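J.: okay, sequence plus prediction incoming.
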Amino acid sequence: MDDNSVSLDWKCVRASLEAFSEAAFNSTRRSCTFRMVSQAQAVPVANSMADWFGSGKPGAPSGHSNGAIRASIYNQSLYAQQINGFLHVSRLACYEHAKGAISSIDEGSAIVSLSLLRGLIERASLAETVRSKLSSPWREKAKEKGFHEVFYETNIAELIGKSLYGTRMDWQKLASSDFTTAKARELSYEPKEKFMDVSANQILNHVDKLGKRVPGSRVAYDVLCEFLHPNVGDLFATTTHAASRMDAWGTRHLTREISLGRHEFSGAKDLVDCLSKALEIVRSITDELLEIFSDLDASSKEVIALNKKSMHRVRKRQAHLFNRNDLCPCLSGLTVKNCN
């Protein structure tokens, strides 16, 4: 507590949020078709083929229908589709967090504002991790080993998969469970053998990596976490004014006014100093978002082009499995006859 009356200045971070929102507006208004095939149908065939070829046997394994084999071929476009999907999902999530934070700042709702800014850091940190991974020298390896093989070996596929599907819950069990009687541990996600492991990302690892681009990201994140949970952050954020005074006997009296209204943390200089530093880090992170998404956009387009080239070769080798009016296995959305 401090006798000096000070207030938290939201202007700089709000200006950065507004700049990002305006620049990202057109991108968020463009829809993205996230085209996939059934993993339940495709993965068993893909695993069977991998085991067959891995054992050095000639030809192809028997016992699979043409429909299942076609699904496994379409499934090879998984990575290109997921990267493009992640780009759009991540950018839209950042946009909504930014717009929500702007509105709550204007309304003077500190708890909502700081919680949304914490969420923005999480989305930005994961986007930066994916951007960094896609900027690594995987292209040279792809020329030697093949595009899809490199994506698997360099863990890009796992990172993207967890980024889109990461979870702590088994959603199929959830859908058929009675929430009033079910035990949480019984509904937790468990990886399945030979299927992609989509255990939820450890987000703190990504926040730490974001710190290489924006120093202080982890500390700012930890500060904002205090306002997401029912702890001291709630006391701070619901205090409209704090003050202290010394009586004639030398006893120090601390007073808080807790009420609805604009919460500027006035009177609590140390708290304002801490939050000001955190908001400055958030401003720096927000300023980096456009470049992060620009790099992701360029990488996504490159991956889609490489996938298209690779899958067209597969389509020609497996021409007997595709008619002219079938969707091209590159998952461009065009038919075989129209996809060049």
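T.: Everything's here; your move.

J.: so where's this protein shaky on pLDDT?
T.: 1-6, 46-47, 49-63, 143, 194, 266-267 (pLDDT under 70).

J.: can you give me the helices for it?
T.: 11-29, 39-54, 66-74, 78-107, 110-134, 138-145, 147-153, 156-165, 171-175, 203-213, 217-225, 232-237, 269-317 (DSSP state H).

J.: export those to TSV and tack on mean neighbour count?
T.: C-betas here are computed from N, CA, C, even on glycine. Output for the helices of the chain, formatted as TSV (neighbours: other CB atoms under 10 Å):
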stretch	mean neighbour count
helix 11-29	16
helix 39-54	15
helix 66-74	19
helix 78-107	21
helix 110-134	23
helix 138-145	13
helix 147-153	18
helix 156-165	19
helix 171-175	11
helix 203-213	17
helix 217-225	20
helix 232-237	17
helix 269-317	18
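
J.: wait, which of these is closest to residue 195?
T.: Closest approach to residue 195 among these (CB to CB): helix 39-54, 6.0 Å.

J.: which residues touch residue 102?
T.: 14, 17-18, 21 (CB atoms under 8 Å, 6 or more residues apart in numbering).

J.: mind redoing it with 10 Å?
T.: By CB atoms under 10 Å, 6 or more residues apart in numbering, the contact list for residue 102 reads 10, 13-15, 17-18, 20-21, 113, 116.

J.: any idea how far it is from residue 147?
T.: 41 Å (CB to CB, to the nearest Å).

J.: chain neighbours aside, what residue packs nearest to residue 127?
T.: Once flanking residues are discounted, residue 127 sits nearest to residue 90: 4.8 Å by CB to CB, 6 or more residues apart in numbering.

J.: distance of that neighbour relative to residue 209?
T.: 15 Å.

J.: again, but for residue 305
T.: 27 Å.

J.: which residues does the closest residue to residue 134 other than its chain neighbours contact?
T.: The shortest distance from residue 134 to any non-neighbouring residue, by CB to CB, 6+ apart, is to residue 299 (4.0 Å). Contact partners of residue 299, counting by CB under 10 Å, 6+ apart, are 83-84, 87, 130-131, 133-135, 138-139.

J.: tell me how far the closest residue to residue 12 other than its chain neighbours lies from residue 97.
T.: The shortest distance from residue 12 to any non-neighbouring residue, by CB to CB, 6+ apart, is to residue 283 (5.2 Å). Distance check for residue 283 against residue 97: by CB to CB, it reads 14 Å.

J.: and what of residue 158?
T.: With distances taken as CB to CB, residue 158 is found 25 Å from residue 97.

J.: residue 40 too?
T.: Relative to residue 97, and taking CB to CB, residue 40 is found at 33 Å.

J.: residue 269 too?
T.: In terms of CB to CB, residue 269 sits 29 Å off from residue 97.

J.: just residue 110 next, same as before
T.: With CB to CB as the criterion, residue 110 and residue 97 are 16 Å apart.

J.: ok, residue 207 next?
T.: 15 Å.

J.: hmm, the residue nearest to residue 127 is touching residue 130, no?
T.: Yes - using CB atoms under 10 Å, residue 90 is in contact with residue 130, at 7.8 Å.

J.: overlap of the contact sets of these two?
T.: In contact with both residue 90 and residue 130: 163, 292, 296, using CB under 10 Å, 6+ apart.

J.: which outside residues touch stretch 323-340?
T.: Outside stretch 323-340, the residues that touch it by CB under 10 Å, 6+ apart are 33-37, 70-78, 80-81, 84, 304-305, 307-312, 314-315, 318-319, 321-322.
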